[in-house]
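In: Predicted model and sequence follow; I will ask about them next.
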Amino acid sequence: MNAYDFSSEGSEDIQEDNKTLINASVLGLIFEKINGYKDGSFFTPGFITMYMCRETIRKAVVQKFDNEFPGVPIGAIEDIYEAIPQKISRKKANEVINSIKICDPAVGSGHFLVSALNEIITVKNDLKILEDREGKSLHRYEVEVVNDELIVKDRNQEISNPKFQIKYISALPL
C-alpha cells in the first residue's frame with residue numbers, strides 16, 4: 001500500500017513522490033472488502049454515482065439559480081450560461097453553486113461525494129465560471145467526467161498534470 005498516494009491531505013503542498021494515484025473505484029472496492037457484505041456495506045459503482053450526481057446536481061443548480069434570480073428566466077443550465085455575465089456576475093454564480101449542500105449520511109468510501117464534486121466542477125466549467133482559489137479564471141482548461149474520473153485538458157487537448165487536479169479539488173468548498 002506504500003506504493004500509492006491516497007491524497008494530498010494534511011498539507012497544501014502537493015506530494016512530489018512518484019507514487020501512483022489510486023482510483024476512487026479501487027478504493028471503494030477495498031472499502032467494501034474490508035468492511036464486508038455481512039455488515040451491509042456495499043460499494044455503489046461509479047457509473048451509478050456519476051449518473052445520480054449529474055441528474056440531481058444539474059437540477060439543483062437550475063432550481064437554485066431560479067430561486068436566487070426570480071427576474072431571470074432559468075429553466076436549464078443553458079439559460080444560466082446565457083445570463084452570465086449580462087444578468088448574473090461570475091462571482092455571484094460561483095457563490096450560488098458553492099452554496100449548494102450535498103449530504104451522503106452513509107459516506108462509506110466517499111465515492112458518491114467525489115462524484116458530486118466532479119459534477120460541480122464540470123457544471124462550473126460548462127458555465128465558464130471555474131476559478132482557482134485566488135479567483136483566477138480557469139477558462140483555458142476543459143473539464144469532463146469520463147468513467148467517473150475527472151479529466152482536465154488544456155486548449156491543446158493535452159491532459160494536464162494530474163497533480164493539478166488534486167490540488168484544485170482540495171481547494172473547492174463542498
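Out: It's in.

In: Look at Val152 and give its secondary structure.
Out: Assigned by DSSP: H, G, I helix; E, B strand; the rest coil, the conformation of Val152 is strand.

In: Surely it is in contact with Val146?
Out: No. Look at Val152 against Val146 with C-beta atoms under 8 Å: they stay out of range, at 11.1 Å. Using the backbone N, CA and C atoms, a C-beta is placed for each residue, glycine as well.

In: higher neighbour count, these two?
Out: Using other C-beta atoms under 10 Å as the criterion, Val152 and Val146 rank with Val152 on top: 20 against 8.

In: end-to-end on stretch 96-108?
Out: 28 Å (C-alpha to C-alpha, to the nearest Å).

In: List the buried residues in it.
Out: 96-97, 108 (16 or more other C-beta atoms under 10 Å).

In: Helix or strand with the lowest mean pLDDT in this structure?
Out: helix 162-171 (a mean of 44; mean pLDDT, DSSP states H and E).

In: For the protein, which segments are assigned as strands?
Out: 4-5, 20-21, 142-146, 149-153 (DSSP state E).

In: What's the separation between the nearest residue to Asp79 once chain neighbours are set aside and Glu149?
Out: Nearest non-adjacent residue to Asp79, counting by C-beta to C-beta, 6 or more residues apart in numbering: Pro73, 6.4 Å away. To Glu149, Pro73 is 35 Å away according to C-beta to C-beta, to the nearest Å.

In: higher neighbour count, those two?
Out: Neighbour totals were compared for Pro73 and Glu149, and Glu149 leads with 16 against 11 (other C-beta under 10 Å).

In: What segments of the protein are helices?
Out: 24-35, 46-68, 77-83, 90-98, 111-126, 162-171 (DSSP state H).

In: Quick check: which helices or strands does the third one pack against?
Out: Read it as helix 77-83. helix 46-68, helix 111-126 (3 or more C-beta pairs under 8 Å, 6 or more residues apart in numbering; DSSP states H and E).

In: if you set the cut-off to 10 Å instead, what comes out?
Out: Packing partners of helix 77-83 (3 or more C-beta pairs under 10 Å, 6 or more residues apart in numbering; DSSP states H and E): helix 46-68, helix 90-98, helix 111-126.

In: Tell me the buried residues in the first one?
Out: Buried residues in helix 46-68, defined by neighbour count with 16+ other C-beta under 10 Å: 46, 49-50, 53-54, 57-58, 60-62, 64-65.

In: Just the C-alpha atoms of it, please, in PDB.
Out: This file holds the C-alpha atoms of helix 46-68, laid out as PDB (Å, rounded to 0.1, in the frame of the first residue of the first chain):
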ATOM      1  CA  GLY A  46     -19.100   4.700 -10.500                       C
ATOM      2  CA  PHE A  47     -21.500   4.800 -13.400                       C
ATOM      3  CA  ILE A  48     -24.400   4.900 -10.900                       C
ATOM      4  CA  THR A  49     -22.900   7.600  -8.700                       C
ATOM      5  CA  MET A  50     -21.900   9.600 -11.800                       C
ATOM      6  CA  TYR A  51     -25.500   9.400 -13.200                       C
ATOM      7  CA  MET A  52     -27.100  10.200  -9.900                       C
ATOM      8  CA  CYS A  53     -24.900  13.200  -9.400                       C
ATOM      9  CA  ARG A  54     -25.300  14.500 -13.000                       C
ATOM     10  CA  GLU A  55     -29.100  14.300 -12.800                       C
ATOM     11  CA  THR A  56     -29.600  15.700  -9.300                       C
ATOM     12  CA  ILE A  57     -26.900  18.400  -9.200                       C
ATOM     13  CA  ARG A  58     -27.700  19.900 -12.500                       C
ATOM     14  CA  LYS A  59     -31.400  20.100 -11.500                       C
ATOM     15  CA  ALA A  60     -30.400  21.500  -8.100                       C
ATOM     16  CA  VAL A  61     -28.200  24.200  -9.800                       C
ATOM     17  CA  VAL A  62     -31.100  25.200 -12.100                       C
ATOM     18  CA  GLN A  63     -33.500  25.400  -9.200                       C
ATOM     19  CA  LYS A  64     -31.100  27.300  -7.000                       C
ATOM     20  CA  PHE A  65     -30.500  29.900  -9.800                       C
ATOM     21  CA  ASP A  66     -34.200  30.100 -10.500                       C
ATOM     22  CA  ASN A  67     -34.900  30.900  -6.800                       C
ATOM     23  CA  GLU A  68     -31.900  33.300  -6.400                       C
END
